[in-house]
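Participant: Provide a 3D model corresponding to the input given below.
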Amino acid sequence: SEPARELARQAGAVADACHAMAVRFHRGGKLVVFGTGGSPGTKTTTSPAATPTPTYPPFAAAGVSRHACSGTYTSGTGRDEVRLVVTNSSGAVIKVIWLKSAARQELYVTLKPGQSRTLDVYVGDYWRIASSGGGCLGIFSVSSRDGGHITAERP
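Facilitator: Below is the predicted model:
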């Protein structure tokens, strides 16, 4: 149906909004709901503890931008070569995959817990951090001419 197609076209924006809400809940924010379904003037407050745990893993990052897993990304034709350090401080194996184009992805390295790797990359490149099974954990693009750092942390 058209509403479903429109929602699919907006999936990246929806994922970004969900991530922003999850960050606010993590900081102690509350969701206040107004609308139909209750008596007039009814206000319902949901505490962060009542919300489900976010499905994205925690990352610490610098010099990179994070993007929704649901998007389609193609690395740029940047000429500024920089270093990207990827560290796996999580308790699971992760894969670092270069998103050269929508049709071509290249596995660069598989990191066991505690491992780190420095990659020579270009500003504008997109990288997918994936679980050992290939599921997307996060998409990052190098946004700084000083390079960047991504650390997958324990939940």
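
Participant: Let me know whether L99 touches Y108 as I believe.
Facilitator: No. Applying CB atoms under 8 Å, one finds L99 not in contact with Y108, separated by 10.7 Å. C-beta: built from backbone N, CA, C; applies to glycine.

Participant: Show me what counts as buried in stretch 105-112.
Facilitator: Of the residues in stretch 105-112, Q105, Y108, L111 count as buried by neighbour count, 16 or more other CB atoms under 10 Å.

Participant: With stretch 78-87 instead?
Facilitator: Across stretch 78-87, burial judged by 16+ other CB under 10 Å covers V82, L84, V86, T87.

Participant: Equivalent analysis for stretch 71-79, please.
Facilitator: Within stretch 71-79, the residues scored as buried using 16+ other CB under 10 Å are Y73, S75.

Participant: Just the terminal-to-terminal distance for that stretch.
Facilitator: Terminal residues of stretch 71-79 are spaced 24 Å apart (CA to CA, to the nearest Å).

Participant: Please apply the same query to stretch 142-152.
Facilitator: Using CA to CA, first and last residues of stretch 142-152 are 16 Å apart.

Participant: What does the pLDDT read for the closest residue to C136 other than its chain neighbours?
Facilitator: Nearest non-adjacent residue to C136, counting by CB to CB, 6 or more residues apart in numbering: C69, 3.7 Å away. C69 carries a pLDDT score of 89 in this model.

Participant: if I read this right, C69 contacts I139, doesn't it?
Facilitator: Yes. When contacts are counted by CB under 8 Å, C69 is listed as touching I139 (5.8 Å).

Participant: Settle it for me: which of the two has more neighbours?
Facilitator: In this view C69 and I139 are compared by other CB atoms under 10 Å, and I139 has more residues nearby, 22 against 19.

Participant: dump the residue contacts of the more buried one.
Facilitator: Contact analysis of I139 by CB atoms under 8 Å, 6 or more residues apart in numbering lists R66, H67, A68, C69, G71, Y73, L99, Y126, W127, R128, I129.

Participant: ranking those by neighbours, who comes first?
Facilitator: Within the contacts of I139, neighbour counts (other CB under 10 Å) peak at W127, which reaches 26 neighbours.

Participant: That one contacts V85, correct?
Facilitator: No. Here W127 lies out of contact with V85, judged by CB under 8 Å, at a distance of 11.7 Å.

Participant: anything in contact with each of the two?
Facilitator: Common neighbours of W127 and V85 (CB under 8 Å, 6+ apart) are I150.
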